[in-house]
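*Asks:* got a predicted model here, sequence first, then my questions.
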Amino acid sequence: PAAPVARGIFADEGPPRSAPPPVALAPVFAMAAAGRPVASGVFAGAVPPRAATHPPSGPGAAHGRPVHDGMHHNHPAPHASAPPPAAHAFAPALAYVAPPPPPTTATAAFTVGPGGDIDVIASFDDALRSALASVGARWVPADRAWRLPLARLADADAAVRTCGVPVNIDSLPDVASRLLRCAAGAPDDSERYATIPPRLEAALMPFQREGVRFALAKGGRALIGDEMGLGKTVQAIAVAAAYRSEWPALIIAPSSLRDAWADALGEWLGVRGERVLVVNSAKDGSRIAAGPAPPHDFVIASYALVGKLRPVLEAARFRVVILDESHYIKDAKVRRNEGVDAEGGRATTPTLPHPPLLLASSQSQRTKDTVPLAQRAARCLLLSGTPALARPKELFQQLAALLPAAKLRMRDFGERYCKAPPTRFGGVYDGATNLGELNRVLCAAAMVRRLKADVLTQLPPKRRQQVFLTLGAAEKKALSSLAGGLESARRAHAAAA
């Protein structure tokens, strides 16, 4: 009867069903009355009564009973004569001992920064920051990241792991690391820029010069992804001119662009006539000669004919290959868990320095015929204003052709950049993920891309260009008939005047 009443329980109603029975609480309050400490978290000492800190007030206090928070004061105590417990009896239970804080774990995420550098986004831990600074990383306040060259990636990883504090590390994705390391290992042929014919170099606009220098800095293996109308053709011709010692060059383009390429070569390099072979049919393949002194400087073929000419083209061993509208080789219908690489590929070509990385049974024949020619060439230029028309997976074959030493696998590329929930209407790699990282990897490893809005001030106000069309017999006859009718109308008009 002399025990205090539990919080929230009416003195005259007894404990609710959810509360422990009074018998169970009695030892607890008896311990408090005796001045013995009560375990932390036990109700008896969790909150001190008002009687211990404030003067008695209310009906309950009039009967000598300590009043607790949450109690109704208008209920009389069942035994008003019982003496109240001493205030100090609750003092040992008021001390709260906080649990020890959990151990702090630092974080460090390795990502791709601008220009192919590595950014480390790390938590603010003194030991971790000192470790990054010790390997040459510099703090970039604008990006809130530590930046270091790709060559110091291994050193930074080791420094973070041994900095003396536990660190959760998010490593650089393997597919991004492969592409960046492959591009970093390419030879820098920037000095070849001086060998470009002066007339051609003078005709280049500033952004086009930048594109040519970019391709040369990548060893002649690059994707020029400028928007349509910004002169990808002339940039490719300038790069090919820098590697004149490695001619003949092979140009693969859509059928409608073969003659346009022949005209551009004549305009910018003065290469005409027998020095340019335009392959219009499989019969022209016999004119593609292999050997130390081939009769042609350039061979221009269409994607449709590459399959029929593949043995001849492989025998010619072209060292410079240009793929115009390279999205023609975007097809990459690889089933999930199919990863074809140099070590485990199901179908390879032993004569190639880097075997094809894409030979799956469901892929298009055009891609299988074209990509090996690009992989084996010492210099390879891909031109496309739309490298990926709809999905990131369309870039895989182009990257496999451009950077064969990276030994890409569709499974790794798809899991990182193309993952999507499988549905009955699409594949597991029909999605798009980590696009910002993919863009930084592409621009650092192989791609230069400018939009018209970016270089508008460098463009001339107007450009005129002749486009020659090849007419068949029927078209020539119709055109002659129209010309005859126009001449008759002109004479009739003159006679009437």
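*Replies:* Arrived safely, thanks for sending.

*Asks:* ok, Ala289 to Ala249 distance?
*Replies:* Spatial separation of Ala289 from Ala249 under the definition CB to CB, to the nearest Å is 14 Å. Backbone N, C-alpha and C define where each C-beta goes, glycine included.

*Asks:* which one's more surrounded, these two?
*Replies:* In terms of neighbours (other CB atoms under 10 Å), Ala249 is the more surrounded of Ala289 and Ala249; the figures are 27 against 15.

*Asks:* beta partners for the more buried one?
*Replies:* Phe298, Val320 (DSSP bridges).

*Asks:* wait, what's in contact with it?
*Replies:* Taking CB atoms under 8 Å, 6 or more residues apart in numbering as the contact definition, Ala249 lies against 240, 243, 297-299, 318-322.

*Asks:* if we go to 6 Å?
*Replies:* The contact partners of Ala249, by CB atoms under 6 Å, 6 or more residues apart in numbering, come to 240, 298, 320.

*Asks:* looking at it, the last one is touching Pro248, isn't it?
*Replies:* No. Under the criterion of CB atoms under 6 Å, Val320 makes no contact with Pro248, lying 7.7 Å away.

*Asks:* which other residues reach the longest strand along the chain?
*Replies:* Counting by DSSP state E, the longest strand found in the chain is strand 106-112. Counting contacts by CB under 6 Å, 6+ apart, the residues outside strand 106-112 that touch it are 119-123, 125, 128, 160, 165, 167-172, 176, 437, 440-441.

*Asks:* which among those end up buried?
*Replies:* Neighbour counting over the contacts of strand 106-112 (16 or more other CB atoms under 10 Å) leaves 119-120, 122, 125, 128, 160, 167, 172, 176, 437, 440-441 as the buried ones.

*Asks:* spatially, which two of those residues are the most separated?
*Replies:* The distance between the two most remote of the buried ones among the contacts of strand 106-112 (CB to CB) is 28.2 Å, for Asp125 and Val441.

*Asks:* which residues of the stretch 1-150 of the chain score low on pLDDT?
*Replies:* Counting by pLDDT under 70, the stretch 1-150 of the chain has low-confidence residues at 1-95, 101-103.

*Asks:* next: the stretch 351-497 of the chain.
*Replies:* Per-residue confidence of the stretch 351-497 of the chain (counting by pLDDT under 70) places the weak regions at 351-363, 422-427.

*Asks:* so which residues of it form helices?
*Replies:* Secondary structure of the stretch 351-497 of the chain by DSSP state H, counting those that start in this stretch: the helices cover 365-376, 396-402, 410-417, 435-445, 473-496.

*Asks:* Asp454: neighbour count?
*Replies:* 13.

*Asks:* once you drop chain neighbours, what's closest to it?
*Replies:* Beyond its immediate neighbours in the sequence, the residue positioned closest to Asp454 (CB to CB, 6 or more residues apart in numbering) is Phe207, lying 7.7 Å away.

*Asks:* and Phe396, how close does it get to Asp412?
*Replies:* 10 Å.

*Asks:* higher neighbour count, those two?
*Replies:* Shown here are Phe396 and Asp412; by other CB under 10 Å, Phe396 has more neighbours (27 against 18).

*Asks:* in this structure that one contacts Phe413, no?
*Replies:* Yes. At 5.2 Å, Phe396 counts as touching Phe413 under the criterion of CB under 6 Å.

*Asks:* so what's the most centrally placed residue in the chain up against?
*Replies:* Against the mean C-alpha coordinate of the chain, by CA atoms, centre = their mean, the closest residue is Leu438 at 1.8 Å. The contact partners of Leu438, by CB under 6 Å, 6+ apart, come to Tyr417.

*Asks:* how about 10 Å then?
*Replies:* For Leu438, the set of contacting residues under the criterion of CB atoms under 10 Å, 6 or more residues apart in numbering consists of 112, 175-176, 179, 388, 392, 395, 413, 416-418, 432.

*Asks:* any idea which of the helices of the stretch 351-497 of the chain is most buried?
*Replies:* Scoring the helices of the stretch 351-497 of the chain by mean neighbour count under mean count of other CB atoms under 10 Å gives helix 396-402 as the most buried, with a mean of 27.

*Asks:* which other helices and strands contact it?
*Replies:* Helix 396-402 sits against helix 174-184, strand 221-224, strand 320-324, helix 365-376, strand 379-383, helix 410-417, helix 435-445, strand 447-448, with contacts defined as 3 or more CB pairs under 10 Å, 6 or more residues apart in numbering; DSSP states H and E.

*Asks:* mind checking which of those is nearest Leu153?
*Replies:* Between Leu153 and the helices and strands packed on helix 396-402, the tightest spacing by CB to CB is seen for helix 174-184, at 7.5 Å.

*Asks:* distance of Ala483 relative to Thr470?
*Replies:* 18 Å.

*Asks:* the stretch 151-300 of the chain: strands as residue ranges?
*Replies:* Using DSSP state E, counting those that start in this stretch, the strands of the stretch 151-300 of the chain run over 167-170, 221-224, 249-253, 276-278, 298-302.

*Asks:* worst mean pLDDT among these?
*Replies:* For those, the bottom mean pLDDT is recorded on strand 167-170, which sits at a mean of 91.

*Asks:* by contact count, what packs against that one?
*Replies:* If you count contacts as 3+ CB pairs under 10 Å, 6+ apart, strand 167-170 packs onto strand 106-112, strand 118-122, helix 126-134, helix 153-161.

*Asks:* and the third one, what other elements does it pack with?
*Replies:* Looking back up the chat, that one is helix 126-134. Using 3+ CB pairs under 10 Å, 6+ apart: helix 126-134 touches strand 106-112, strand 118-122, strand 138-140, strand 145-148, helix 153-161, strand 167-170.

*Asks:* same question, the last one
*Replies:* When contacts are defined as 3+ CB pairs under 10 Å, 6+ apart, helix 153-161 sits against strand 106-112, strand 118-122, helix 126-134, strand 145-148, strand 167-170, helix 174-184.

*Asks:* now render these as JSON lines, adding distance to Val279.
*Replies:* Conversion of the helices and strands packed on helix 153-161 to JSON lines gives the following (distance: least, CB to CB, whole Å):
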{"stretch": "strand 106-112", "distance to Val279": "40"}
{"stretch": "strand 118-122", "distance to Val279": "45"}
{"stretch": "helix 126-134", "distance to Val279": "56"}
{"stretch": "strand 145-148", "distance to Val279": "49"}
{"stretch": "strand 167-170", "distance to Val279": "50"}
{"stretch": "helix 174-184", "distance to Val279": "31"}
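
*Asks:* good, wrapping up.
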